[in-house]
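J.: give me a model of this one.
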Amino acid sequence: MKRTTGMGRVTIRDIAAHAGTSFKTVSRVVNGEDSVSPALRQKVQEAMKALGYRPSRAAQTLRSGRHFALCVLSAVALEESFAGDEVPSFLNELIAGLMRACRAQNYQLVLENLAGTDSSPETIQARIASLRADGVILYPPQTDMIWLLDALELAGIPYARIAPGSAPERADCYLVDDFNAAREVGELLLSQGHSRIAFISGPENHLAAAHRREGLQAALAGRPNVELQCEVGTFHFPSGLAIGKKLLIQQTRPTAIFAANDMMALGVMAAASELGIVVPEQLSVVGFDDAPQARFIRPELTSINQNVREMGEMAGKMLIETSREKAAVAPRQHHIPYTLEIRQSVGRAPD
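T.: Next up, the predicted model:
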């Protein structure tokens, strides 16, 4: 709880004297307790900053039994999560939201990967039990790995699930309505006169992507003159590029392509550019995620914004609160509102 500075060892009593409050109040602020008014909390934090004080995490852990850290847990090989230097925008946004929640409570955020570990139940359970975290965040496809949920519960580690596609009764879940979001995309394309539509889904173990396909199919149901071609991608740019070329060199090619994430949609746009197909005059393209790249590309990409950063921040706050209260909370489903961001990549179907 102390830090050596040029002026000696700063203690919480020094902080209390500087802030004009009690050392117990300073202790509550340092430990992230809620029983301090926002104004007084700010005053204490300003005093800590002025005196160059940094709390000892080891001392905090010893006293409270908490680790003051959250963990983003992956159980798939890195090459499955990343393609070359491509970091999924979904993961970027999720981490940004979690960092915001952690920073507000002086928590650390760590990333852990179980891939490559001996897959025996005993080894997996030992790895999970050794995690020094007060809570775990699972994102697709980990969020739907039932064996992983079982292992976390056996270890007594609270966890939150981001965008699950199954078993929503297991832990707190943060998700958007993938089905209706995709159906809204389908209705948009129909309103623009498109009758040859293609959909690029993600891997089969990403269950939310399946809901997006089902939502698109629901929008097109009862339209006998509308053709739907479905392909399976990997959620990475090279996948969208390769499948985009495959779709666009067909003699009767689609006039609209909906990809289950933005990186594949950007790959489709690159394929169209290479083949001399103009977006949106000759091809409409829609993505899902509303990654920053969707606004940087020209023409700008139409996409579903599922507010992943908000999901991350909400999940982080919940796990921190759970660790502080040390009380079990009944699982809840948090439905995050989505928006269809209509931009330049969608136009009328060509004649």
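
J.: show me what contacts R13?
T.: Counting by Cβ atoms under 8 Å, 6 or more residues apart in numbering, R13 touches F23, V26. Using the backbone N, CA and C atoms, a C-beta is placed for each residue, glycine as well.

J.: how close does it sit to A19?
T.: To A19, R13 is 11 Å away according to Cβ to Cβ, to the nearest Å.

J.: can you pull the phi/psi pair for A291?
T.: phi -70, psi 160 (degrees, to the nearest 10).

J.: isn't it right up against S89?
T.: Yes - contact criterion Cβ atoms under 8 Å: A291 and S89 qualify, at 3.3 Å.

J.: of these two, which one has the most company?
T.: Set side by side, A291 and S89 show more neighbours around A291, with 24 against 21, by other Cβ atoms under 10 Å.

J.: check which helix or strand covers T123.
T.: Per DSSP states H and E: T123 is located in helix 121-129.

J.: circling back: shared neighbours, A291 and S89?
T.: Joint contacts of A291 and S89 (Cβ under 8 Å, 6+ apart) are D262, M263.

J.: which residues touch H18?
T.: A47, A50, L51.

J.: 10 Å - rerun?
T.: Going by Cβ atoms under 10 Å, 6 or more residues apart in numbering, H18 touches V10, V26, K43, V44, E46, A47, M48, A50, L51, Y53.

J.: ok, now R223?
T.: R223 touches G186, L190, S195, I197, counting by Cβ under 10 Å, 6+ apart.

J.: R324: which of those is nearest?
T.: G186 (43.9 Å; Cβ to Cβ).

J.: and the pLDDT at that closest one?
T.: For G186, the model assigns a pLDDT of 98.

J.: helix or strand next in line after the helix or strand containing it, which one?
T.: In this structure, G186 sits in helix 178-191 according to DSSP H and E. Downstream of helix 178-191, the next assigned helix or strand under DSSP H and E is strand 196-201.

J.: what angle sits between the helix or strand following that next one and strand 196-201?
T.: Using DSSP H and E, the helix or strand that directly follows strand 196-201 along the chain is helix 207-220. Using axes from the mean of the first three to the mean of the last three Cα atoms, to 10 degrees, the direction of helix 207-220 lies 160 degrees away from that of strand 196-201.

J.: on that earlier part again, mark which of the contacts of R223 are buried, thanks.
T.: G186, L190, S195, I197 (16 or more other Cβ atoms under 10 Å).

J.: quick one: contacts for the first one?
T.: With contacts defined as Cβ under 10 Å, 6+ apart, the neighbours of G186 are 194, 197, 199, 215-221, 223, 226, 228, 256, 258, 286.

J.: tell me the one among those nearest to I320.
T.: Nearest member of the contacts of G186 to I320, counting by Cβ to Cβ, is G215, at 33.4 Å.

J.: look up the closest residue to that closest one, ignoring the ones flanking it.
T.: A182 (3.2 Å; Cβ to Cβ, 6 or more residues apart in numbering).

J.: which residues touch the one you found?
T.: Counting by Cβ under 10 Å, 6+ apart, A182 has contacts 199, 209, 211-219, 258, 260, 286, 288, 304.

J.: what of I249?
T.: If you count contacts by Cβ under 10 Å, 6+ apart, then I249 has A271, L275 around it.

J.: what does it show for phi and psi?
T.: According to degrees, to the nearest 10, I249 has phi -90, psi 0.

J.: swap in the one 4 residues further on?
T.: Note on R253: backbone dihedrals following degrees, to the nearest 10 are phi -90, psi 160.

J.: low-scoring stretches of the protein, by residue?
T.: Filtered on pLDDT under 70, the chain yields the residue ranges 1-8, 31-32, 34, 54-67, 77-87, 116-119, 326-329.

J.: geometric centre of it: which residue is closest?
T.: The centre of the chain sits closest to L94, judged by Cα atoms, centre = their mean, with a distance of 3.4 Å.

J.: now that one: how far from F288?
T.: In terms of Cβ to Cβ, L94 sits 15 Å off from F288.

J.: walk me through the domains of this structure.
T.: The record's domain split for the chain, according to automatic domain parsing, is 3-64, 69-176+308-337, 178-305.

J.: just say which of those domains is most tucked in.
T.: Ranked by mean neighbour count under mean count of other Cβ atoms under 10 Å, these are led by domain 178-305, which reaches a mean of 20.

J.: how long is that domain from one end to the other?
T.: End-to-end distance for domain 178-305: 11 Å, by Cα to Cα, to the nearest Å.

J.: stretch 170-179 too?
T.: Note: stretch 170-179 ends 20 Å apart using Cα to Cα.

J.: quick one: distance of that stretch to the chain centre.
T.: 11 Å (Cα atoms, centre = their mean, to the nearest Å).

J.: what about the longest helix in the protein?
T.: helix 308-325 (DSSP state H).

J.: and it, what other elements does it pack with?
T.: Contact partners of helix 308-325 among helices and strands, from 3 or more Cβ pairs under 10 Å, 6 or more residues apart in numbering; DSSP states H and E: strand 69-74, helix 89-104, strand 135-138, strand 159-162, strand 172-175, strand 333-335.
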